[in-house]
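Undergrad: Sequence isn't available, so here's the structure alone:
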């Protein structure tokens, strides 16, 4: 009986996995920051999904993780907000720390995630979000 | 335009809140990321197993506090005020003389520490000097907690140095003391770092800290050694683009006499020394190495000390292996790793 239960459980798990739509966006994405670079540099997500970004900063300096289109990035590049965290998709990530932010992608397109501490964006602290 | 004031050799970082334009010296990073580039100068003299590293930190003014972080090859036995005009005299040796400035001494505050171990603290004029021991993370966090605003390339550069030597020197201008000293923009404070080490070494990559890849780094490096040194990168050896040896000759009696007569420069021997003048004129993106030196002139400078090879797991190991030893090993087919040990200070792996 116990063996039958295990077989059924495995079968249900397999069914569950097989029912997951192919290519579905993950609900959680790990983003690492090292040497002032985002890894990965490109993230694919599905339109209509809500994604939690877990951002690990392994640098001994502060960084940011700001999601938005180019116009939004330009605003932040000139902005003066010392800290982020109140709005979805915008967080400050202190040195050697991990922070999370959740963002809902409403439609297809391309967004950018970047860091706008002085000279970080120009240094290359940016990545691309492909929403399909 | 060349400046003949000895300017800091090392990257200078804004400290704390920048209140005004940061007209600056070599490596200074302003709040908006703009940088004013000036030629920098340093002396690395080596005698009796001691590196005498003389450089000058230039006051940038502008209402901002600023400082720099300097990687060192070993633990300094002392940091003190440098000679009044040593760097200027060296500049004069290789170019027509220009102006120079003199500063006056004053005491000041020290800095706190956390994470990184504070090995030594000195106050020299408006500068607070702290020698730290720690990895890139510890030093970076120390810098942050002490108000240094590190540029985005700092983590990689700190890793580059910390993987070879965990010793750093942080220098920070106290703007109030600078004002009390009536320091003007461009006034330099010479610093003399005394480092027991098997061979001298000059950090170069740090000059590019906070710079844009295409920005040109200009620096004058003066070497005084008992013998003609072997250098890496050197003429035709290693990544020497942008580095030229302008002088390599026995130091004149007049130069040695002049340098010895400067304040705090009596340590220079009365015997002849070899004088090397190296000009750095390199894009920041190309300056990805340091200057390794074999002061005996008989050995091969360490590729690791030069930053041209990654440190081995067995670090620390010796600074250089003499050429004769390599020949002996090859001749006798000995598969034995041999080390030269000259004291207990930090060494670069071969």
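TA: In hand now; what should we look at? Owing to the predicted nature of the structure, the values given are computational and were not obtained by experimental measurement.
Undergrad: quick one: contacts for residue A:111?
TA: Neighbouring residues of residue A:111 by CB atoms under 8 Å, 6 or more residues apart in numbering or on different chains: A:67, A:68, A:69, A:105, A:128, A:129, A:131. All C-beta spots, glycine's among them, are computed from the backbone N, C-alpha and C.
Undergrad: What's the PyMOL line that selects buried ones from those residues?
TA: In PyMOL, the members of these classed as buried (16 or more other CB atoms under 10 Å in any protein chain shown) are selected with the following command:
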select buried, chain A and resi 67+68+105+129+131
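Undergrad: any chance of the contacts of residue A:111 in JSON lines, plus secondary structure?
TA: Formatted as JSON lines, the contacts of residue A:111 follow (DSSP: H, G, I helix; E, B strand; the rest coil):
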{"residue": "A:67", "secondary structure": "strand"}
{"residue": "A:68", "secondary structure": "strand"}
{"residue": "A:69", "secondary structure": "coil"}
{"residue": "A:105", "secondary structure": "coil"}
{"residue": "A:128", "secondary structure": "strand"}
{"residue": "A:129", "secondary structure": "strand"}
{"residue": "A:131", "secondary structure": "strand"}
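Undergrad: Include distance to chain B and pLDDT when you put the contacts of residue A:111 into JSON lines, please.
TA: As requested, those are exported to JSON lines (distance: CB to the nearest CB, whole Å; pLDDT from 0 to 100):
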{"residue": "A:67", "distance to chain B": "19", "pLDDT": "97"}
{"residue": "A:68", "distance to chain B": "20", "pLDDT": "95"}
{"residue": "A:69", "distance to chain B": "22", "pLDDT": "95"}
{"residue": "A:105", "distance to chain B": "27", "pLDDT": "94"}
{"residue": "A:128", "distance to chain B": "19", "pLDDT": "98"}
{"residue": "A:129", "distance to chain B": "21", "pLDDT": "97"}
{"residue": "A:131", "distance to chain B": "27", "pLDDT": "96"}
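Undergrad: Against residue B:203, how distant is whatever residue of chain A ends up closest to chain B?
TA: Here the residue of chain A nearest chain B is residue A:60; by CB to the nearest CB that distance is 2.4 Å. Separation of residue A:60 from residue B:203 (CB to CB, to the nearest Å) stands at 19 Å.
Undergrad: do the same with residue A:64
TA: According to CB to CB, residue A:64 stands 30 Å off from residue B:203.
Undergrad: quick one, phi/psi of the residue of the stretch 201-350 of chain B found nearest chain A?
TA: Nearest residue of the stretch 201-350 of chain B to chain A (CB to the nearest CB) works out as residue B:210 at 7.5 Å. Backbone torsions for residue B:210, taken as degrees, to the nearest 10, come to phi 80, psi 0.
Undergrad: Test my guess that it contacts residue A:122.
TA: No. Judged on CB atoms under 8 Å, residue B:210 makes no contact with residue A:122 at a distance of 11.5 Å.
Undergrad: So between those two, which is more surrounded?
TA: The residue with more neighbours, out of residue B:210 and residue A:122, is residue B:210; 28 against 13, by other CB atoms under 10 Å in any protein chain shown.
Undergrad: ok, back up a step: residues in contact with the residue of chain A closest to chain B?
TA: For residue A:60, the contact set (CB under 8 Å, 6+ apart) comprises A:95-96, B:136-141, B:143-144, B:150, B:154-155, B:158.
Undergrad: Narrow those residues to those in helices?
TA: Secondary structure from DSSP state H places B:136, B:137, B:138, B:139, B:140, B:141, B:143, B:144, B:154, B:155, B:158 of the contacts of residue A:60 in helices.
Undergrad: Any idea how many residues pack against residue B:122?
TA: Number of residues near residue B:122 (other CB under 10 Å) recorded here: 20.
Undergrad: So it, which state does it fall into?
TA: Taking three-state DSSP, the label given to residue B:122 is strand.
Undergrad: which non-adjacent residue is nearest the residue in chain B positioned nearest to chain A?
TA: Residue of chain B nearest chain A, by CB to the nearest CB: residue B:140 (2.4 Å). Nearest non-adjacent residue to residue B:140, counting by CB to CB, 6 or more residues apart in numbering or on different chains: residue A:60, 2.4 Å away.
Undergrad: In terms of position in space, what residue lies nearest the middle of chain A?
TA: When CA atoms, centre = their mean is applied to chain A, the residue found nearest the centroid is residue A:53 (3.4 Å).
Undergrad: In a strand, that residue, correct?
TA: Yes. When three-state DSSP is applied, residue A:53 is found to be in a strand.
Undergrad: hang on, it packs against residue A:31?
TA: Yes. Shown here, residue A:53 and residue A:31 form a contact pair, counting by CB under 8 Å, at 5.7 Å.
Undergrad: how about the residues of chain B that lie near chain A?
TA: B:29, B:31-33, B:136-141, B:143-144, B:149-156, B:158-159, B:210, B:212 (CB under 8 Å from any CB of the partner chain).
Undergrad: What are the buried residues along the helix or strand hosting residue A:44?
TA: Using DSSP states H and E, the element containing residue A:44 is strand A:42-45. In terms of neighbour count (16+ other CB under 10 Å), strand A:42-45 has its buried residues at A:43, A:45.
Undergrad: could you show me where the strands are in chain A, in order?
TA: Assigned by DSSP state E, the strands in chain A fall at A:28-34, A:37-39, A:42-45, A:50-57, A:63-68, A:90-93, A:97-104, A:109-114, A:126-131.
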